[in-house]
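Undergrad: Sequence and predicted structure are below.
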Amino acid sequence: MEALAGDELTKGMLSLIENNKANPSMESLSYIAERLGVEVVELLEEVSTYELRALLEKAEILYNTEFDVRTDEYTQLITLVEPYVPKLTQGYESARLLEIYSRCIYYEKKSGWQVFSDRAATMYDLMNIIPRRASIGIFRAFVKFTEHNYAQSLSTLLHERSEIEARNAFIDPMTRLDLDYMEAVLLFAVGDSESAIRVMKSGIEFSKQERVFYRIDHLYRLATAHAIMEEDEDQYAYYLKKLTQYGDFTEDKEAIFFTKFAEVHYLNSFKKSYKEAQEQWDQFLDKGKYSNDYSPFINLEKGKSFFGLNEFEHALVALEKVKIADYTHHPFDLSIFYEKDAYKALCYMELGNLIEARRLAGLAMQNISMMPRTPYKDFILETYELLTK
């Protein structure tokens, strides 16, 4: 206090100001700000920028907790940020805290998250912070996506994208790639493969031209999955090679797993090379190298291989372990997993239990009915017709 008071103020006056018992003159306020090394405006704010920065640092750590170890971080964040919400009126820290707060309210299934999301979006617009503004737009589309309202999700994204592009002559490359990837994903989800391919390839070419390889692995995965469903061996081999090179170079576990899974999936579902698929998953996928998040994919392919090799009881054991994660929402992913009941139905048919076989075929048919046309949907329809004719 003595050091801050210096030659122009007394410790007693500083104490009165600090405890809101005296108002400093502009000269005194300027003097205090100069001694503290801050701008006068920061002393006039109800919450200082330094306090908000410290709050945001804590919030970011909680918000970015790894999924596998996450517990009650969203509840903690709501408790942490809520007292400050009325005071979050300007600046990046306020906007980001409102964005995080709104998402936590959504994830905790509480109402009113949109109000805080809108406040954050308006602040980002005023500050011209395009990446964060785009992130809010993508999240709004994601909300509809998780409800499996794919058409509304796409409409929301296109509206948000057009608003952002209308306000900003330049969109940074990473934001452009985020928007391209999400748009391609949603176009595939509504069954508009032609437009999805156009946007996807545009994103890949843009990434190469700008030498910004952000999202390139996601785009390659999307391209590989499409090639598999189209049974386009040349495109499948091309994009799988690209993704393999990316995974090897970056040591990206998700990219590496996807390449191995894609090979087994292609052998099982389209080449019908069940023995080769079994050897592949035995060599690469069944070695305990991957987290539990991947076990539904691994067990699904194991079950399909066993089925193709007429090991029906082993197939049922593997297929019973396939649980669809609650974060799985894309119709392609859901359709792949809905096949499990069709394969189980065929196993029970081979084992002579037609009642259970028909029940499972009906369940698969019910689940797939609202999904767009894919080879997986075709397989389920064929299985249903076989068991109900």
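TA: Yep, it's here.
Undergrad: in stretch 349-362, what counts as buried?
TA: For stretch 349-362, the neighbour count (16 or more other CB atoms under 10 Å) marks 349, 357-361 as buried. Placement of C-beta: from N, CA and C, glycine included.
Undergrad: What of stretch 152-169?
TA: So for stretch 152-169, counting by 16+ other CB under 10 Å, buried means 152-154, 156-158, 160-161, 164.
Undergrad: Columns secondary structure, distance to Leu55 and pLDDT on top of these, output as TSV?
TA: Shown next, in TSV, are these (DSSP: H, G, I helix; E, B strand; the rest coil; distance: CB to CB, whole Å; pLDDT from 0 to 100):
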residue	secondary structure	distance to Leu55	pLDDT
Gln152	helix	34	97
Ser153	helix	32	97
Leu154	helix	36	97
Thr156	helix	30	97
Leu157	helix	31	97
Leu158	helix	35	97
Glu160	helix	28	96
Arg161	helix	31	96
Ile164	helix	27	94
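Undergrad: Nearest to Phe142, out of those residues: which one, please.
TA: For those, the residue nearest Phe142 by CB to CB is Ser153; the value is 7.3 Å.
Undergrad: Grab the nearest non-local neighbour of the closest one.
TA: Excluding the flanking residues, the one nearest Ser153 by CB to CB, 6 or more residues apart in numbering is Lys144, at 3.7 Å.
Undergrad: Quick check: that neighbour vs Phe332, distance?
TA: Using CB to CB, to the nearest Å, we find Lys144 at a distance of 17 Å from Phe332.
Undergrad: ditto for Ser111
TA: 31 Å.
Undergrad: Same check on Glu108?
TA: 29 Å.
Undergrad: These two - which one has more neighbours?
TA: A count of neighbours by other CB atoms under 10 Å puts Phe332 above the other of Glu108 and Phe332, at 18 against 13.
Undergrad: Okay, and that one sits in which element?
TA: helix 331-350 (DSSP states H and E).
Undergrad: residue contacts, the nearest residue to Tyr150 once chain neighbours are set aside?
TA: Once flanking residues are discounted, Tyr150 sits nearest to Ala189: 4.1 Å by CB to CB, 6+ apart. Shown in contact with Ala189 (CB atoms under 8 Å, 6 or more residues apart in numbering): 145, 150, 153-154, 330-332, 372.
Undergrad: please redo it, this time with the cut-off set to 10 Å
TA: With contact set as CB atoms under 10 Å, 6 or more residues apart in numbering, Ala189 has these partners: 145, 148, 150-151, 153-154, 196, 329-332, 334, 371-372.
Undergrad: how much space is there between it and Phe297?
TA: Distance from Ala189 to Phe297, by CB to CB: 19 Å.
Undergrad: any idea how far Leu154 is from the residue nearest to Tyr150?
TA: Taking CB to CB, one finds Ala189 at 7 Å from Leu154.
Undergrad: next one: Ser193
TA: Counting by CB to CB - Ser193 and Leu154 are separated by 13 Å.
Undergrad: Spit out the residues that contact the two alike.
TA: Leu187.
Undergrad: hmm, back to that, would you mind listing which of the contacts of Ala189 are buried?
TA: 145, 150, 153-154, 196, 329-332, 334, 371-372.
Undergrad: want to throw the residues you listed into JSON lines with distance to Lys302?
TA: Shown next, in JSON lines, are the buried ones among the contacts of Ala189 (distance: CB to CB, whole Å):
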{"residue": "Phe145", "distance to Lys302": "29"}
{"residue": "Tyr150", "distance to Lys302": "30"}
{"residue": "Ser153", "distance to Lys302": "33"}
{"residue": "Leu154", "distance to Lys302": "35"}
{"residue": "Ala196", "distance to Lys302": "30"}
{"residue": "His329", "distance to Lys302": "24"}
{"residue": "His330", "distance to Lys302": "22"}
{"residue": "Pro331", "distance to Lys302": "24"}
{"residue": "Phe332", "distance to Lys302": "20"}
{"residue": "Leu334", "distance to Lys302": "20"}
{"residue": "Met371", "distance to Lys302": "24"}
{"residue": "Pro372", "distance to Lys302": "27"}
